[in-house]
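Asker: quick one, structure for this:
(chains A and B)
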Amino acid sequence: MPNRRDDLQTIDRRSFVKASLMSAALPVAAALTNSKAQAAQTEASGPDIIDCNVHLFDWPFRKLKYARTAALIMKLRKHRITKAWAGNFEAVLNKQLDACNRRLAEECQAHGDGMLVPIGSVNPAAPDWEEDLRRCHAQYLMLGVRLYPTYHGYALDHAELPRLLGEAAKRGMLVQIALRLEDERVHHPALAAPAVDVSPLPEVLKKVPQAKVQLINSAGPLLAGNVGVLVKETNVTFDIAATEGNGGVGRLIEGTNPSYKGAIPASRLVFGSHAPFFPCESALLKLFESPLSLDQMEKLMHANARRLIA
Amino acid sequence: MNPAEARKFALNPAHYGLPTRDDLVRLRIWDIHYHGFFNAGIRSHEENLFYVERMGIERMLSLDIAGSPTDPLGTMVSDEKKREMREYLEQHADRVSGLIPIDPSQPVESCRKMEDWIANGPCIGIKYYGGNPGGVVCSHPDNDAIIRLAAELKAVIYIHTWLKIGGQPRRPGGDNERGESTPQDVAILAARFPDVPLICGHSGGDWELGVRAVRRHENVHIEFSGSDPHSGQVDFTVRELGAGRLVWGGHGPSRSYSTELSKVLDADLTQEQRLQIFGGNLRRIAAPIFRQKGYKL
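Answerer: Alright, predicted model coming up:
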């Protein structure tokens, strides 16, 4: 059945692009009017942050403190997070992902204050996922999509996954894979959603080397023995939201974090907070708990993320 | 460990809406859940001091003195190791305090260990691990002798609790280890000893249930380390129990200080409440035994 555009509350591409460009232009205009002293002060205070791991709305199992978009934006801004790649928690347990994606895009456009970058959701195990992906890209102008394998009921060796990664790559889209959203030990009794097994991923990515994949909430125990092969044989990036241990991020870079079987270089790590489920202070403090160099901090805070969506 | 190196930051945390190290020091943070000495590792503790110093932690209360989860009473720990640990605690009493693991399935031997390490040694409290070889939870009557002696010694009592989902049908606590207590077990114990302060560790893991399980028992404090940081967790706990019943734990080195600090920083609290949670409440609980031993409060 052809796509019924008339029953979709589509976002007008022109107005979306205009809004996006305006928000992008504002800092440029501000920069032009800044004095040299102000610029130097900004430089001394460090770069702004891109948060690759944010969701909008309520977690299906609990009301969240920052579920309201306006409140979340205020909170992120307080911590100098000026761009946030936002998924939609409604997509976690919803079969109509297109409706979730549409609502997400509308919310980011209407209330995102120029800082929310919508990241849609696609389920490669569901029928007609190709159309969901197409709409994310062409209709909602999304830079990427987020996968929730364990909540959507498939493993990373699913036959459709390489095709999805290939299609996303053709569109230049990033694919984020959520390895875990909530500790399995405290799940709702009605839910059986184990953490994602990443071991098939290196082989999958060999088939689609052009894919841009990021693992979010990529805790060491979930990556298990796959750290080395993922770092050496793929271009996968990892966020730090679930990186644990005293000095966990620095030790991960050095290869001495006992939770990880291997090192992940700073060039492959991105800032992700998992807000508003986690306090965004958690990931922020991790940047300071480890004695990172300015160069390493800049990579994590924004440079690696910028490179990914360049 | 070079303290000056530990205090160097490439960027100022205050520019990112975070407390600086000086701010953290002013909060007088006492960490009731320190695993730096796990398996009697003085060396690993000393390596970890870099992060303790960097994050402005004032005092660590180690829970692994002369014992481990598989051998809570430390029967396999050599006398030499025990002597070494005793001396270390005595020499560093201004910064580190020790709690000894006990085994509720062996109450007589547990009491003997308490006499040895608390009454006649440097330690200030006891810890219930997440399970024990005999499979006895803290609500079992065999615990009464242990709690009575702890009260007599004015010892701090820390009880690991979790509510791991599992079993058939699935239920919170259905996947707990043998002898791993739940907050409900702590509530039963608290009712038998209403005048003895108890610390319910980890908030039961599933804090939404754990906090409610102990709410009615004013002598139970909630410690909330060792689980993922959930936004709103501390707001909820303070609403239900009041800020006077929360105790902070860092759970390092296995957990990040950032994880545990963020739970409190996320909450809408007054500075006074933060001071209570980060150390004030624990100092109040520990004051009698600290004064008795002449330790700095």
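Asker: pLDDT at residue 64, what is it?
Answerer: In the absence of a named chain, this looks at chain A. For A:Leu64, the model assigns a pLDDT of 98.
Asker: wrong one, chain B
Answerer: With respect to pLDDT, B:Asp64 has a value of 95.
Asker: got phi/psi on it?
Answerer: Main-chain torsions, B:Asp64, degrees, to the nearest 10: phi -120, psi 40.
Asker: who touches it in this structure?
Answerer: Residues near B:Asp64 by Cβ atoms under 8 Å, 6 or more residues apart in numbering or on different chains: B:His35, B:Phe37, B:Phe38, B:Asn39, B:Ala40, B:Pro101, B:Lys127. For the C-beta atoms, the positions are set from N, CA and C on the backbone; glycine is no exception.
Asker: now these in a markdown table, with neighbour count and distance to chain A?
Answerer: Listed next are the contacts of B:Asp64 as a markdown table, based on neighbours: other Cβ atoms under 10 Å in any protein chain shown; distance: Cβ to the nearest Cβ, whole Å:
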| residue | neighbour count | distance to chain A |
| --- | --- | --- |
| B:His35 | 25 | 10 |
| B:Phe37 | 23 | 14 |
| B:Phe38 | 16 | 11 |
| B:Asn39 | 13 | 13 |
| B:Ala40 | 21 | 17 |
| B:Pro101 | 24 | 21 |
| B:Lys127 | 25 | 20 |
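Asker: tell me where the chain has helices.
Answerer: Here I'm looking at chain A. Ranges of helices within chain A are A:13-33, A:36-45, A:69-78, A:97-111, A:129-134, A:149-152, A:161-170, A:201-207, A:220-223, A:227-233, A:248-254, A:280-289, A:294-298, A:304-309, based on DSSP state H.
Asker: right idea, wrong chain: chain B
Answerer: Using DSSP H, helices in chain B cover B:3-6, B:21-26, B:42-54, B:79-91, B:107-114, B:144-153, B:183-192, B:207-214, B:233-241, B:257-265, B:271-275, B:281-293.
Asker: quick one: average confidence on the first one?
Answerer: Per-residue confidence for helix B:3-6 averages out to 92 on the pLDDT scale.
Asker: check the last one too.
Answerer: Taken as a whole, helix B:281-293 carries a mean pLDDT of 98.
Asker: now do the buried residues in it.
Answerer: Of the residues in helix B:281-293, B:Asn281, B:Leu282, B:Arg283, B:Ile285, B:Ala286, B:Ile289, B:Phe290 count as buried by neighbour count, 16 or more other Cβ atoms under 10 Å in any protein chain shown.
Asker: quick one: low-confidence ranges for the chain?
Answerer: Reading this off chain A. Along chain A, segments meeting pLDDT under 70 span A:1-44.
Asker: hmm, no, I was thinking of chain B.
Answerer: Applying pLDDT under 70 to chain B flags residues B:40.
Asker: so which residues on the stretch 101-250 of chain B come close to chain A?
Answerer: Contacts of the stretch 101-250 of chain B with chain A, taken as Cβ under 8 Å from any Cβ of the partner chain, map to B:162-165, B:169-172, B:175, B:205-206, B:208, B:227-232, B:235.
Asker: tell me the buried residues within these.
Answerer: Here, 16+ other Cβ under 10 Å leaves B:162-165, B:172, B:175, B:205-206, B:208, B:227-232 buried among these.
Asker: which of the helices of chain A sits closest to chain B?
Answerer: Among the helices of chain A, helix A:280-289 comes nearest to chain B, with 3.4 Å by Cβ to the nearest Cβ.
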